[in-house]
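Enquirer: What follows is a predicted structure for the sequence shown.
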Protein chains: 2
Amino acid sequence: MSEKIATIEDVARHAGVSIATVSRALHKPNVVSETTREKVQAAIAATGYTANVMARNLRLNRSGMILLLVPDIGNPFFSAILSGIEKGASQAGYNVLIGDTQNDPEREATYAAYLRSNQADAMILLNGRLPAPLANTPANAAPPVVVACERIPGCALPTVIIDNDEASFIANRHLIELGHTRIAHVSGPPTNILTTDRVAGYRRALEAAGITYDPALLYRGDFSIDSGIAAGRALLADPKTRPTAVSCASDGMAIGVIVAAKEYGLRIPHDVSVVGFDDIPHAAAYDPPITTMRQPRRRLGEQAITLLLDRLGSKGAPDHRETGPVIIPTELIVRQSSGPCPKP
Amino acid sequence: MSEKIATIEDVARHAGVSIATVSRALHKPNVVSETTREKVQAAIAATGYTANVMARNLRLNRSGMILLLVPDIGNPFFSAILSGIEKGASQAGYNVLIGDTQNDPEREATYAAYLRSNQADAMILLNGRLPAPLANTPANAAPPVVVACERIPGCALPTVIIDNDEASFIANRHLIELGHTRIAHVSGPPTNILTTDRVAGYRRALEAAGITYDPALLYRGDFSIDSGIAAGRALLADPKTRPTAVSCASDGMAIGVIVAAKEYGLRIPHDVSVVGFDDIPHAAAYDPPITTMRQPRRRLGEQAITLLLDRLGSKGAPDHRETGPVIIPTELIVRQSSGPCPKP
């Protein structure tokens, strides 16, 4: 850190204003005069103060920040989505601030109020719920808001999702095509919209094959490895009632089910087939490599930021309830964790 | 969303001010008059507008946000640290905003300028580098800044870390005690301070056992599974030069090395022992379960936020160069991926 880098103090000195004024000019340009903005802009140019992004924000009268709400930043599922969003944001001169809501409505409301106070220019919701201050937000909201990953029923905002019902249908049909008829499903938490959609796809696949749905084979997890281990122990302990295949709503839970299966000496896929969801990097690297529904996560992020940048560029956005959501296609990746139903 | 929830519009109507004024009163209270603040505060109380956190921030004249800079939010290593930080922040009435810097100095500078403009009240740096606008920041900086995970050499700011040199020494000594003498090390990127410290610990362990350091056995990865696979292929392809043990600077890279080892038909740990670092949930769930250096990540996060809240509560913080960093102890977790050196 020994080389001389222009600081905000240098900019203030050069512009003949206080540091607080430079700060305000950079981040709340609407509260400073046009003259001050121009003086600060000139000082930034003269001193070379980190400059590009911040100078541009000053010129454009914006904070340059896009706020991203995620329900659980600890789930590696989100990383590639964030990376897609950040790439697009960065190319357009924006930085991203992430808020981890932990499904807490009060946190969601606080972040939304932060957006409303123009401390961010726009927001992407990955958390599946409209924060209270945004209730009744129209499609062409200002600041703009885009919904991604988890759809919000009845919500007018532009939305980018995969078809979770259809993806789950395909994953379970894969097991049925391998001859399985006793197929368990490990879902996410009951309140989650992904759970609703993926359980619907599971039941639709069973029904299409004439298999009766057995509620004892539906286990509620929370997407984590630990909940997958618990699911595997609950479903696989008793050889008399054991399913021959388990579809899971996340790769983490599929890994957990396999850990539990191995505790009972079960071989994957000879004794039990296991299918995951998402295709996180750990799915391909697991032993055995895990069959899963790949979500094109980076593309999902890229599409969400593209929609948001469109809204930032124009005011007349269509009502999403009329145009429908943008659907990103998924892909079944068959690896070694799924195989033919064992002979009885 | 059909129940009636008080919106910012309701607060504005009740207080007899504009929505913009309510926003400013909530988030930049220093730019509105005392009278307006009181009017808005009363309206919030009357309408029940999400309230608690925001009303408290208004009263305390702060944004209520703590900014967290991470180098790569996609690395699951950070999740438990963030969770520890968020718990402590939340208990003190703060919310957390995460900035993913991707090791980009311009992004770091933009986030630091955002802090400087009081759009956040404090910052925690997990990215191992002081953003340019913070150069020469003293220990008792305002807004307060705390460094965690990756120490910044010569930096006066309060710091919470593990002893990476010693942790790496212990991991490699474990392999030496199992009889291994040809031990490879897969490190992080060369510019990373963790790499410097962990490579030093690796070399120190070899030296203490009288083993000559062989540069051909040091492979530079980037902490990811993919770089671990590349490392495993580079190190294990040739039976003549193959090491009998590999220590890795992340669990992801250890998983990658095992994937590559299996490609060559090598059994873990019978033919090759592999040790990871961090103890992410995937380490215990892998087959075989991976021996690793556990970082108490949640405690690290809790300690960092405690230090930061201390600084937010008082002005006279000691210079970290005098008191030294807070060191969180690590623990060697022996699982099935490490075993005795194979007989020649």
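Expert: Ah, there it is. Numbering: from 1, shown residues only, chains lettered A, B, ... in the order given.
Enquirer: helix, strand or coil for the residue of the stretch 201-344 of chain A found nearest chain B?
Expert: The stretch 201-344 of chain A approaches chain B most closely through residue A:287 (4.5 Å), counting by C-beta to the nearest C-beta. Every residue, glycine included, has its C-beta placed from N, CA and C. Judged by DSSP: H, G, I helix; E, B strand; the rest coil, the three-state class of residue A:287 is coil.
Enquirer: pretty sure it is touching residue B:285, no?
Expert: No - Residue A:287 is beyond contact range of residue B:285, at 10.8 Å (criterion: C-beta atoms under 8 Å).
Enquirer: Those two: who's more crowded?
Expert: It is residue B:285, of residue A:287 and residue B:285, that has more neighbours when counted by other C-beta atoms under 10 Å in any protein chain shown, with 20 against 17.
Enquirer: show me the contacts for that one.
Expert: Listed by C-beta atoms under 8 Å, 6 or more residues apart in numbering or on different chains, the contact set of residue B:285 reads A:225, A:229, A:255-256, A:259.
Enquirer: thinking again about what came up before, nearest residue to the residue of the stretch 201-344 of chain A closest to chain B other than its sequence neighbours?
Expert: For residue A:287, ignoring the flanking residues on the chain, the nearest one in space by C-beta to C-beta, 6 or more residues apart in numbering or on different chains is residue B:287 at 4.5 Å.
Enquirer: mind checking how far that neighbour is from residue B:150?
Expert: Look at residue B:287 and residue B:150: by C-beta to C-beta, to the nearest Å, they are 31 Å apart.
Enquirer: who in the stretch 201-344 of chain A is up against chain B?
Expert: Residues of the stretch 201-344 of chain A found near chain B (C-beta under 8 Å from any C-beta of the partner chain) are A:224-226, A:229, A:252, A:255-256, A:258-259, A:262, A:281-282, A:285-287.
Enquirer: Now do the strands in the stretch 101-250 of chain A.
Expert: In the stretch 101-250 of chain A, the strands defined using DSSP state E, counting those that start in this stretch lie at A:122-125, A:145-148, A:159-161, A:183-187, A:218-220, A:245-248.
Enquirer: Quick one: low-confidence residue ranges for chain A.
Expert: For chain A, the stretches with pLDDT under 70 are A:1-6, A:27-30, A:48-61, A:314-322.
Enquirer: domain parsing for it?
Expert: According to the TED database, chain A comprises the domains A:8-51, A:63-162+A:298-313, A:164-294.
Enquirer: thinking again about what came up before, spatially, which two of the contacts of residue B:285 are the most separated?
Expert: Largest separation among these by C-beta to C-beta: A:229 and A:255, giving 8.7 Å.
Enquirer: So which of those two has more stuff around it?
Expert: Ranked by neighbour count (other C-beta under 10 Å), residue A:229 and residue A:255 place residue A:255 first, with 28 against 22.
Enquirer: Now that the more buried one has come up, it's in contact with residue A:281, right?
Expert: No - Residue A:255 lies out of contact with residue A:281 (C-beta under 8 Å); the separation is 12.0 Å.
Enquirer: tell me which element residue A:98 falls in.
Expert: Remark: residue A:98 resides in strand A:95-100, with elements defined by DSSP states H and E.
Enquirer: orientation of that strand relative to strand B:95-100 in degrees?
Expert: Interaxial angle, strand A:95-100 versus strand B:95-100 (axes from the mean of the first three to the mean of the last three C-alpha atoms, to 10 degrees): 130 degrees.
Enquirer: check whether strand A:95-100 contacts chain B.
Expert: Yes - counting by C-beta under 8 Å from any C-beta, chain B is contacted by strand A:95-100 at A:95-100.
Enquirer: do you know which of the strands of the stretch 101-250 of chain A lies nearest residue A:295?
Expert: Proximity of the strands of the stretch 101-250 of chain A to residue A:295 was assessed by C-beta to C-beta; the nearest stretch is strand A:159-161, lying at 9.8 Å.
Enquirer: Count the residues that sit near the closest residue to residue A:228 other than its chain neighbours.
Expert: The shortest distance from residue A:228 to any non-neighbouring residue, by C-beta to C-beta, 6+ apart, is to residue A:256 (2.0 Å). Residues within reach of residue A:256, counting by other C-beta under 10 Å, total 27.
Enquirer: so residue A:256 makes contact with residue A:223?
Expert: No - using C-beta under 8 Å, residue A:256 makes no contact with residue A:223, being 10.0 Å away.
Enquirer: first vs last residue of stretch A:174-183, how far apart are they?
Expert: Terminal residues of stretch A:174-183 lie 11 Å apart, using C-alpha to C-alpha, to the nearest Å.
Enquirer: How about residue A:331, nearest residue that isn't a chain neighbour?
Expert: Nearest non-adjacent residue to residue A:331, counting by C-beta to C-beta, 6+ apart: residue A:294, 4.6 Å away.
Enquirer: Kindly provide the distance from the residue of the stretch 201-344 of chain A closest to chain B to residue A:268.
Expert: 9 Å.
Enquirer: What lies in contact with stretch A:196-215?
Expert: A:164-173, A:176, A:181-183, A:185, A:187-188, A:218, A:247, A:249, A:277.
Enquirer: Helices along chain A, start to end?
Expert: With helices called from DSSP state H, chain A shows them at A:8-15, A:19-27, A:34-47, A:52-60, A:77-91, A:105-114, A:164-177, A:193-208, A:225-236, A:251-263, A:281-285, A:297-313, A:320-323.
Enquirer: Next, the angle helix A:19-27 makes with the third one.
Expert: Helix A:34-47 and helix A:19-27 meet at an angle of 90 degrees, taking the same axes, to 10 degrees as the criterion.
Enquirer: Do helix A:34-47 and chain B come into contact?
Expert: No - judged by C-beta under 8 Å from any C-beta, helix A:34-47 and chain B are separated, with a smallest distance of 10.5 Å.
Enquirer: Just list the residues touching residue A:19, thanks.
Expert: Going by C-beta under 8 Å, 6+ apart, residue A:19 touches A:8-9, A:12, B:116.
Enquirer: Greatest separation within those: which pair is it?
Expert: A:12 and B:116 (10.9 Å).
Enquirer: returning to what we had before: pull out the buried members of the contacts of stretch A:196-215.
Expert: Buried members of those, scored by 16 or more other C-beta atoms under 10 Å in any protein chain shown, are A:164-169, A:171-173, A:176, A:183, A:185, A:187-188, A:247, A:249, A:277.
Enquirer: Let me know how buried residue A:191 is, in neighbour terms.
Expert: Other residues near residue A:191 number 10, with proximity taken as other C-beta under 10 Å.
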